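J.: prediction below, plus the sequence it came from.
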Amino acid sequence: MTNNAAIVELSQTANKFRSSIVLQADNKYIDVKSILGLFTTLVGGHAYELHVHGPDADEAKKELGEVFAKHSLNVTIVD
């Protein structure tokens with residue numbers, strides 16, 4: 001089941017940053033700034049990897065990590 005609140009919050013949070021923010025689920029890569037991409041990906045109990053690269057990456061990792069944790073989504077933030 002997809003958590004709509006999590007998807008909206010993740011996308012809104014990601015869009016505050018200039019960095020490239022990509023979520024990896026299995027062999028798929030999804031732009032976290034894309035609500036549609038998240039809808040098709042954040043299903044089930046996958047383990048996700050978050051890849052953030054850019055000028056405000058540290059801040060983005062921190063905020064997005066908090067959103068994932070708040071919604072009990074299993075994510076590893078890759079350095």
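T.: Cool, got the structure.

J.: drop to CA atoms for contacts and neighbour counts, all remaining ones
T.: Noted.

J.: report the contact partners of Ala14.
T.: The contact partners of Ala14, taken as C-alpha atoms under 8 Å, 6 or more residues apart in numbering, are 21, 32-33, 60, 64.

J.: could you redo the last one with a cut-off of 6 Å?
T.: For Ala14, the residues meeting the contact criterion (C-alpha atoms under 6 Å, 6 or more residues apart in numbering) are Lys33.

J.: max-length helix in this protein?
T.: Taking DSSP state H as the assignment, the helix of the chain that covers the most residues is helix 57-70.

J.: give me the residues contacting it.
T.: The contact list for helix 57-70 (C-alpha under 6 Å, 6+ apart) reads Ser19.

J.: got the CA positions of it in PDB?
T.: Extracted as PDB, the C-alpha positions of helix 57-70 are listed here (Å, rounded to 0.1, in the frame of the first residue of the first chain):
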ATOM      1  CA  ALA A  57      23.300  17.800  -0.400                       C
ATOM      2  CA  ASP A  58      24.000  17.600   3.300                       C
ATOM      3  CA  GLU A  59      20.900  19.600   4.300                       C
ATOM      4  CA  ALA A  60      18.800  17.600   1.800                       C
ATOM      5  CA  LYS A  61      20.000  14.300   3.200                       C
ATOM      6  CA  LYS A  62      19.200  15.400   6.700                       C
ATOM      7  CA  GLU A  63      15.600  16.700   6.000                       C
ATOM      8  CA  LEU A  64      14.700  13.800   3.700                       C
ATOM      9  CA  GLY A  65      16.100  11.300   6.200                       C
ATOM     10  CA  GLU A  66      13.700  12.700   8.800                       C
ATOM     11  CA  VAL A  67      10.700  12.400   6.400                       C
ATOM     12  CA  PHE A  68      11.600   8.800   5.600                       C
ATOM     13  CA  ALA A  69      11.900   8.000   9.300                       C
ATOM     14  CA  LYS A  70       8.600   9.800  10.100                       C
END
